[in-house]
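Peer 1: My questions concern the predicted model and sequence given below.
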Amino acid sequence: MYSRKNTARKRIVLAAAATALGAGLALAPSASASTDGMNPHAAPFSGPFKAWTASHHASDIAGAWAHGHRGPLDNGRIMVDGTLYDTKYDHKAACVQIHAKYADGGTRDEWVYTSSKNGKSIGPGGGYTFASSVRTIWVREGLGNGGHCTRMARGVHTIYQR
């Protein structure tokens, strides 16, 4: 036989379990084509994803601000995401170059360009992914006109190295 007290206790336990399950589902990573099912923004400053910024390095140039996260995906690929801002309203747009070098000596460059003070996401669908054979990834900011970078920072900042 069940008493009212036991029934009430079971309802409380079931409600707590349902709440915990719901919270777990709400915090679960969302699916995204470019990140192969992993959302690095679920916990941007913990776990394998690390923050990066081009500021305060040789990769910095006045008028642009690029920053984001980088880290490994479950399938071994390396993801780089972030935002680029045009921080000066001087009729020059901001750009950032993301340069990857692979184990076989091959390279890949991604360029992001914006004239918006509201910023632009780095990478389609939330970020760029690089093959697991990538050895280094560096960034540098620049300025430009007409959709082209015409002046780059004097140096680079390595955000990933294997």
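Peer 2: Arrived safely, thanks for sending. Residues are numbered from 1 along each chain as shown.

Peer 1: Give me the neighbour count for the residue nearest to N118 when sequence neighbours are not counted.
Peer 2: Closest residue in space to N118, ignoring its immediate chain neighbours: Y85 at 7.7 Å, by C-beta to C-beta, 6 or more residues apart in numbering. Every residue, glycine included, has its C-beta placed from N, CA and C. Neighbour count of Y85, defined by other C-beta atoms under 10 Å: 19.

Peer 1: strands paired with the helix or strand containing Y85, and their directions?
Peer 2: Element membership for Y85 (DSSP states H and E) is strand 78-86. Under the criterion DSSP bridges, strand 78-86 sits next to strand 64-72 (antiparallel), strand 120-121 (antiparallel), strand 128-130 (antiparallel) in its sheet.

Peer 1: Next, the buried residues of stretch 88-96.
Peer 2: Using 16 or more other C-beta atoms under 10 Å as the test for burial, stretch 88-96 gives K92, A93, A94, C95, V96.

Peer 1: residues in contact with that stretch?
Peer 2: 54, 62-66, 84-87, 111-115, 117, 122, 139-145, 147, 149 (C-beta atoms under 8 Å, 6 or more residues apart in numbering).

Peer 1: and if you look at stretch 97-105?
Peer 2: Applying C-beta under 8 Å, 6+ apart, the contact partners of stretch 97-105 are 80, 107-112, 122, 128, 130-131, 133-140, 142, 149, 152, 156.

Peer 1: Filter the buried residues of stretch 88-96 down to the ones in strands?
Peer 2: A93, A94, C95, V96 (DSSP state E).

Peer 1: quick one, strands of the protein?
Peer 2: Going by DSSP E, the chain shows strands at 50-53, 64-72, 78-86, 93-102, 107-114, 120-121, 128-130, 134-145, 148-152, 157-161.

Peer 1: Between the two ends of stretch 109-125, how far is it?
Peer 2: End-to-end distance of stretch 109-125 (C-alpha to C-alpha, to the nearest Å): 17 Å.
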